[in-house]
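[1] Dropping a prediction and its sequence here:
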Amino acid sequence: MAVAGFEKGIKTVETLQKSLGIYDYHEFHKTISALVAEGKLKPTKDGKDTNGKQPPLAKKYRVIEEQRQELGEDLIREIEMIFPLIYNRSYYKSHLEQYLEDREWVLKLCAYHNRADFPLSEEMSINERFYDIFKMEKLGSDSKIMSTLRKLGIDFKVLNCYKTPEPFIYYSKTELSAHKILIIENKDTWYTMRKLMKEGQGPFDTIIYGEGKKILSSIEEIEVHQKEYFRDIMSEYFYFGDLDDEGLKIFLVLKEKMKPLEIDLWEDGYKTMLEAASVPECWRKYKAQKSLSRQQIESALQFLSDEELDNVMHRFSEDLYLPQEIVNHRTLRKMWG
């Protein structure tokens, strides 16, 4: 049995657990106990300084130096076997300690690159791509993930994703009329929809970039805007944002501010978000979701079934939310194509 944390020195029990990839604590305890019995690990302070869990383990362990070569060979073998051919292997093969630190990110990248449905064949925005890979949508400027990409010798071109510059406040397919208008909370989704609309796709004539709460003040410009269709009582308005109480609150305030114009949530968009959230990791940790009552949430999401609504309320009670980036370029093309 090999120990992933092989470099000379002392390793914390948390580092060993991450390196071994064993997240069930009782299974991890059995593994560490076996490694100690085999003489491959030795607890510091004779095991008197414990991690406080039951059954206890030492806080730190020393990897027995004789095992380092064997353990290094295991990691090198892993790199050779799972890295796609386009990835650079040389850096991590010669910096195995760094590989251990970055391993969680790297394994997710490799798994995504090797997926049978070829998700990299369809371009996405940077945040959409990172959410699709890591279930974290704001990594485009994260120094650690960018450093990992450089070590692997890959870039945004390899990941087939595009940058999203600050958009105009709205985009219309035609300047003559607009009957279906969608207000979009986040920049990436706005930019992606604009790309698809330019290709003739989608049910909307105009999309407005909400930029979070800023739409609550900028929407007042509708009354003085030179385009009459923004004030036309016949125009249909819809809102689409993150599935959280903050996004729903923006919608409910907009609903009051825009009268006599009417606005509804984009039903197809929210149902697609829930359908796409097939694994718990899709839901992201958020601040306390307590700004709206259940009655207000039910009023906003009245198109959901009782089961879907109970699922949403359960997630909110755990302070989780669903970013609208889950409805990415690939998903929208399928919806509209």
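    Alright, I've got the coordinates. Numbers count the residues shown, from 1 in each chain.
[2] Need the contact partners of the host helix or strand of H26.
    Per DSSP states H and E: H26 is located in helix 25-37. Defining contact as CB atoms under 8 Å, 6 or more residues apart in numbering, one finds that helix 25-37 is touched by 1, 3, 13, 16-17, 20, 22, 41-43, 53, 55, 57, 61. For the C-beta atoms, the positions are set from N, CA and C on the backbone; glycine is no exception.
[3] repeat for stretch 304-311
    Among residues not part of stretch 304-311, those counted as contacts by CB under 8 Å, 6+ apart are Y270, K271, L274, I297, E298, L301, V312.
[4] can you pull the buried residues of the helix holding H26?
    F28, H29, T31, I32, L35, V36 (16 or more other CB atoms under 10 Å).
[5] sorry, back to before: and the contacts of stretch 304-311, which are buried?
    Y270, L274, I297, L301, V312.
[6] Name the nearest residue to the second one, ignoring sequence neighbours.
    Right, L274. E308 (6.0 Å; CB to CB, 6 or more residues apart in numbering).
[7] Out of the contacts of helix 25-37, which is nearest to K144?
    Using CB to CB, Q17 is the member of the contacts of helix 25-37 that sits closest to K144, with 19.8 Å.
[8] number of nearby residues for the closest one?
    Using other CB atoms under 10 Å, Q17 has 21 neighbouring residues.
[9] ok, I154 - contacts?
    Counted by CB under 8 Å, 6+ apart, I154 has contacts I86, Y87, N88, L109.
[10] Can you list phi and psi of it for me?
    Backbone torsions for I154, taken as degrees, to the nearest 10, come to phi -120, psi 160.
[11] ok so, going back, okay if I get the contacts of stretch 304-311 as CSV plus distance to K213, secondary structure and pLDDT?
    Converted to CSV, the contacts of stretch 304-311 look like this (distance: CB to CB, whole Å; DSSP: H, G, I helix; E, B strand; the rest coil; pLDDT from 0 to 100):
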residue, distance to K213, secondary structure, pLDDT
Y270, 19, helix, 97
K271, 25, helix, 96
L274, 24, helix, 95
I297, 18, helix, 93
E298, 22, helix, 93
L301, 20, coil, 96
V312, 21, helix, 94
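[12] could those residues be laid out in TSV, adding distance to I184?
    As requested, the contacts of stretch 304-311 are exported to TSV (distance: CB to CB, whole Å):
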residue	distance to I184
Y270	13
K271	16
L274	18
I297	20
E298	23
L301	18
V312	20
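[13] before we move on, back to that, put the alpha carbons of the helix or strand the residue nearest to L274 falls within into PDB.
    Secondary structure from DSSP H and E places E308 in helix 306-317. C-alpha atoms of helix 306-317 as PDB (Å, rounded to 0.1, in the frame of the first residue of the first chain):
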ATOM      1  CA  ASP A 306     -44.700  20.700  -5.300                       C
ATOM      2  CA  GLU A 307     -41.800  18.300  -5.400                       C
ATOM      3  CA  GLU A 308     -39.500  20.800  -7.300                       C
ATOM      4  CA  LEU A 309     -40.500  23.600  -4.900                       C
ATOM      5  CA  ASP A 310     -39.800  21.400  -1.800                       C
ATOM      6  CA  ASN A 311     -36.400  20.600  -3.300                       C
ATOM      7  CA  VAL A 312     -35.600  24.300  -3.800                       C
ATOM      8  CA  MET A 313     -36.800  25.200  -0.300                       C
ATOM      9  CA  HIS A 314     -34.600  22.400   1.100                       C
ATOM     10  CA  ARG A 315     -31.500  23.700  -0.700                       C
ATOM     11  CA  PHE A 316     -32.300  27.300   0.500                       C
ATOM     12  CA  SER A 317     -32.600  26.000   4.100                       C
END
